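Student: Turn this into a structure:
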Amino acid sequence: MVTRLFVQTVLWLAVMAVLLFLPAGRVDWPGAWLFLAETGVLSIVVGLWLAMHDPALLAERLASPVQRAQKGWDKVFMAGVTALFCFWLVLMALDAARYRWSAVSPWVQGVGAALIFISIAVVSLVFQANSYAAPVVKIQAARGQTVISSGPYRYVRHPMYAGAILFFLGTPLLLGSWYGLALVPALIALIALRAVLEERMLSAELEGYAAYAARVRYRLIPLIW
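Tutor: Predicted coordinates for the structure are as follows:
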């Protein structure tokens, strides 16, 4: 399992490196190297923690993004958001490194790095609280999935998506691309749509979820939505 974790992480980092450095036309791009290093190291650290404390969840996280038990609409979502994410990386490379349309100060890039760190910290708290935090939308009946209301789930119903929003905000700042930041609302809208559709499934198919949703009012951001 640990070997698979390292292999998949390295492959994903390699894909992102190609999507960043190839359109950038250069490799002397500190922001991109920092982004890859931070996300790679933190992903490995969280993955190793899962290997020791929740290998079943790690197996779910390393599984295919398209699965038999997965809802059909989520398969379409995963394909669409993956394509948009790849386009986003290319856009930021063109903006920040090749044509340099944007000018971002170092302290703003530092804020971006901090947001990425916080986002992965939030996700790690989700993993500690929820052993069913699979990357795809499905009911894990074989694992006896139940409603989770502890940890960050006491405050919002989708804390992992809240962490993803911080990642989406931090990435263009660290890479130095205001054009990349301009695309973030579209990514957030997709995450919000997925949260709504996922809740419909959970309310219909997971016992106790409707009561939990009535008790915890906010989906992503406390006091807002």
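Student: list the contacts for the closest residue to Val196 other than its chain neighbours?
Tutor: Spatially, and ignoring its direct neighbours in sequence, Val196 is nearest to Arg219 (7.7 Å; Cβ to Cβ, 6 or more residues apart in numbering). No exception for glycine: its C-beta is placed from N, CA and C like everyone else's. Shown in contact with Arg219 (Cβ atoms under 8 Å, 6 or more residues apart in numbering): 156-158, 161, 192, 195-196, 199, 225.
Student: how much space between Arg219 and Thr171?
Tutor: 22 Å (Cβ to Cβ, to the nearest Å).
Student: for Ile221, same thing?
Tutor: 19 Å.
Student: What segments of the protein are helices?
Tutor: For the chain, the helices defined by DSSP state H cover 2-24, 30-53, 55-61, 72-93, 106-129, 159-175, 178-182, 184-205, 209-215.
Student: Give me the neighbour count for Leu91.
Tutor: Per other Cβ atoms under 10 Å, the neighbour tally for Leu91 reads 18.
Student: I'd guessed it sits against Leu175; true?
Tutor: No. In this structure, Leu91 is not within contact of Leu175 by Cβ atoms under 8 Å, at 10.1 Å.
Student: ok so, going back, looking at the helices of the chain, spot the one closest to Ser149.
Tutor: helix 209-215 (5.5 Å; Cβ to Cβ).
Student: May I ask which helix or strand of the protein has the lowest mean pLDDT?
Tutor: Across the helices and strands of the chain, mean pLDDT, DSSP states H and E gives its lowest value to helix 55-61, namely a mean of 93.
Student: who's in contact with it?
Tutor: 1, 5, 47, 50-51, 127, 131-135, 140, 143.
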